[in-house]
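> Would you be able to build a 3D model of this:
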Amino acid sequence: MTTLFVSHPDCQLHDMGDHHPECPARVVALERQLAASGMMGSLKCREAPKATREQLERVHDVGYLDAIEDASPAQGWVQLDPDTAMNPHSLNAALRGAGAAVLATDEVIAGRAMNAFCNVRPPGHHALRERAMGFCILNNVAVAAAHALEHHGLERVAIIDFDVHHGNGTEEIFADARYDGRVLMVSTFQHPFYPYSGTEGRSERMVNIPLAARSGGAAFRSAVDSYWLPALNNFKPQMLFISAGFDAHREDQLAMLEFTEADYAWVTEKLMVVAATHAEGRIVSMLEGGYALGALARSAEAHVRALMNSAPA
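Now for the predicted structure:
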């Protein structure tokens with residue numbers, strides 16, 4: 001089976017203004033890198049549908065969804081939080097991002113793809129149940145995980161977040177008692193750093209490992225080996241969902257963890273072994289951060305190339 005690649009042109013139309021780091025060029029650079037590498041021909045490519053209200057309401061408050069629909073401007077920008085704005089195309093882009101998460105989940109569970117990568121924006125892991133935050137409007141990875149649980153009836157799923165920022169929105173959503181025992185979240189992130197969360201409330205279901213600035217790939221790999229992998233293997237997830245942020249790269253000037261492409265390939269290979277052992281190989285990965293375009297593109301190539309190796313040792 002192949003790796004599924006999901007995107008949509010609407011993701012390039014969401015624009016938060018000149019010089020905003022979360023820009024349309026991100027998804028373009030990533031896709032061009034995969035094309036230049038010769039990998040696109042080996043991927044199964046699909047365009048993302050829009051997520052439905054039913055799919056979104058599993059993780060977002062009805063009033064919040066109504067509010068962002070009402071706020072969507074006919075022209076110009078509307079500011080949702082200090083870092084997050086909507087232009088006339090932003091709502092469609094966000095719906096496509098969440099829809100990509102659902103489509104990828106459906107395709108992987110149906111066995112029509114071994115795993116999937118969704119090249120979408122805006123990112124999602126800071127989006128709270130009732131609030132936009134940190135460039136994020138809808139929580140794509142949460143929509144995917146909830147879809148696997150509620151629509152497909154899986155009993156246990158794991159969310160892995162290696163973005164440089166803590167996925168506070170994802171954690172908030174799955175701290176809900178409805179998901180007790182069904183969702184494991186493991187993450188690393190720079191600390192102290194935006195959104196200044198993730199160090200409180202750690203439990204066997206929320207394995208958050210803060211990393212100091214400039215700690216590099218060695219500290220990341222140690223955290224994965226010492227904390228993530230034991231938790232994942234003990235939990236035995238039936239499917240893995242990845243918040244794939246590449247902004248911990250050493251070339252990304254918005255943060256200081258100093259990872260390399262090799263670190264992203266390594267962690268992907270480790271997660272594929274977990275998936276092969278417990279989850280029939282099933283992984284859905286969602287693009288989160290990454291703002292140095294060259295580093296983002298190369299890191300995503302390393303990640304997707306590893307996903308395409310569907311028979312890990």
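
> need the contact list for His151.
By CB atoms under 8 Å, 6 or more residues apart in numbering, the contact list for His151 reads Gln55. The way it works is simple: take the backbone N, C-alpha and C, and place the C-beta from them, glycine included.

> measure it to Leu65 for me?
The gap separating His151 from Leu65 is 18 Å, by CB to CB, to the nearest Å.

> Please apply the same query to Phe162.
Noted for Phe162: a distance of 28 Å to Leu65, by CB to CB.

> neighbour count winner among those two?
Taking neighbours as other CB atoms under 10 Å, Phe162 and Leu65 compare with Phe162 leading, 30 against 15.

> That one contacts Gln190, doesn't it?
No - if you go by CB atoms under 8 Å, Phe162 and Gln190 don't touch, sitting 11.2 Å apart.

> Find residues that contact each of these two.
Shared contacts of Phe162 and Gln190 (CB under 8 Å, 6+ apart): Ala248.

> any idea which helix or strand comes after the biggest helix by length in the chain?
In the chain, taking DSSP state H as the definition, the longest helix is helix 90-109. The element immediately downstream of helix 90-109 (helix or strand, assigned by DSSP states H and E) is strand 115-118.

> Neighbouring strands - and their directions - for that next one?
strand 3-7 (parallel), strand 283-287 (parallel) (DSSP bridges).

> what does it rub up against?
Strand 115-118 has contacts (CB under 8 Å, 6+ apart) with 3-7, 48, 97, 100-101, 104-105, 107-108, 140, 244, 272, 275, 281-287, 300, 303-304, 307, 310.

> and after the longest strand that the chain contains, which helix or strand comes next?
Secondary structure of the chain per DSSP state E: the longest strand is strand 183-190. On the C-terminal side of strand 183-190, the nearest following helix or strand under DSSP H and E is strand 206-211.

> distance between that following strand and the chain's centre?
Relative to the centre of its chain, strand 206-211 is centred 16 Å away, using CA atoms, centre = their mean, to the nearest Å.

> before we move on, what about stretch 154-162?
Worked out by CA atoms, centre = their mean, stretch 154-162 lies 11 Å from the chain centre.

> before we move on, back to that, quick check: which of the strands paired with strand 115-118 is buried the most?
Highest mean neighbour count of the strands paired with strand 115-118: strand 283-287, a mean of 29 (counted as mean count of other CB atoms under 10 Å).

> Fine, thanks again, bye for now.
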